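Visitor: what follows is a predicted protein model with its sequence.
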Amino acid sequence: MSRPTLGDQESENVRDAMAWGWISGTGSYVSAFERSLEQRIGRAFATVVSSGTTALEIALSALGVGPGDEVLVPALTFAAPAAAVLTVGAVPVLCDIDAETWTIDVEAARALRTPRTKAIITVDLMGHPCDYERLAELEISMVEDAAQAHGARTGKGPAGSFGVASIFSFHVNKAITSGEGGAVLTDDEELAEKVRLLAHHGMSPHHRYHHTVAGRNGRMTNLSAAIGTAQMARWDELVAGRREAARLYDARLNGLGFSPRPQRTGVLPSCWLYCVTSPERDAVVKRARHRGVDARAIWPALSDLPLYRPYARLPCPQASKVSRTALWLPTWSHLTPEDVEAVTEVMV
């Protein structure tokens, strides 16, 4: 479905980390990765952690989200945002998506807000930023989930620059990868200190083995950061490569009964995994996989899963509709026109 684009610098960084013996959660590549993220996104503080899911959990904990609180979560997303809310002891409240962007529906979120609403996780779904100007009107603390949105932008700034905190994932299927990994970014120094404290066992940075809160080991290893630092230097190249893959797919599938995902005017989305919809989605996926192409149906709507259905207080018809018609096609930054032709030939 997706492949990392790795080169000589990634290998050289890993060999360097190994030669010095810095292979755990401390080392020069960890701090270098954090500084490069701050510069790229334009946020004051970045803390790299072990995964995007860990980043969500720590961001929520640092904001004081816990038992008795509610957090609004889009009904169409990977399960990590809802799972993170449950992990910190709060209640996820599933919200339908907007038909024109597939991101969280602002008016649906407004209708679901209660005095117990402590935060909202705004997922930049498949690389499309949410409508942050309208979401700000809700006056709810936002955690931007930019896990799939490396390189996306709105007129107000890049993905990852919105909300009181934002998170990224650097899983191997992302445009920028460290194998596994994530990050929490913020402009709030006090919040950044809480994030770092929680990710380092709750141990005071000034008094070793003195634990001031119940934290966890959420650290990214220096080996992973060595890869991530090299990938950051290639950000523009890797993001552009996936956009070109999307352009090739668009051209190849035009007029063949597939609809590209919608896009809001004034937004430059990124391409995480190329996505289209088809009324014959399941048949298309079955045919492609039978012929050796790793096409996949997207996630089911969380509101349609038995585990999360009780957290949908209002119907989420748009999330269900998209989840039943959308599919992903193989996507990576060095996908060639020949690769795209081979994939699309088996779909029609």
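Guide: It's in. Numbers count the residues shown, from 1 in each chain.
Visitor: skipping adjacent residues, who's closest to residue 173 in space?
Guide: Excluding the flanking residues, the one nearest residue 173 by Cβ to Cβ, 6 or more residues apart in numbering is residue 2, at 4.0 Å. C-beta here means a position set from N, CA and C on the backbone, and glycine is covered the same way.
Visitor: can you show me the strands along the stretch 51-200 of the chain?
Guide: Along the stretch 51-200 of the chain, counting by DSSP state E, counting those that start in this stretch, strands occupy 70-74, 91-95, 117-123, 142-145, 153-154, 157-158, 165-169, 182-186.
Visitor: I'd like those written out as a markdown table, with mean pLDDT added.
Guide: What follows is the strands of the stretch 51-200 of the chain, written out as a markdown table (pLDDT from 0 to 100):
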| stretch | mean pLDDT |
| --- | --- |
| strand 70-74 | 98 |
| strand 91-95 | 98 |
| strand 117-123 | 98 |
| strand 142-145 | 98 |
| strand 153-154 | 97 |
| strand 157-158 | 98 |
| strand 165-169 | 98 |
| strand 182-186 | 98 |
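Visitor: how many neighbours does the residue nearest to residue 173 have?
Guide: Number of residues near residue 2 (other Cβ atoms under 10 Å) recorded here: 21.
Visitor: could you do the one 3 residues further on as well?
Guide: The number of residues packed near residue 5 is 19, by other Cβ under 10 Å.
Visitor: measure stretch 323-335 end to end?
Guide: 25 Å (Cα to Cα, to the nearest Å).
Visitor: could you give me the average pLDDT of it?
Guide: The predicted model gives stretch 323-335 an average pLDDT of 98.
Visitor: hang on, the earlier thing: tabulate the strands of the stretch 51-200 of the chain in TSV, adding columns for mean neighbour count and distance to residue 205.
Guide: Listed next are these as TSV, based on neighbours: other Cβ atoms under 10 Å; distance: least, Cβ to Cβ, whole Å:
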stretch	mean neighbour count	distance to residue 205
strand 70-74	27	28
strand 91-95	24	32
strand 117-123	24	26
strand 142-145	26	24
strand 153-154	18	34
strand 157-158	18	29
strand 165-169	29	19
strand 182-186	29	16
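Visitor: Serialize those to CSV and add fields for distance to residue 209.
Guide: Below are the strands of the stretch 51-200 of the chain laid out as CSV (distance: least, Cβ to Cβ, whole Å):
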stretch, distance to residue 209
strand 70-74, 33
strand 91-95, 35
strand 117-123, 32
strand 142-145, 30
strand 153-154, 44
strand 157-158, 39
strand 165-169, 28
strand 182-186, 24
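Visitor: I'm done for today, thanks for sticking with me.
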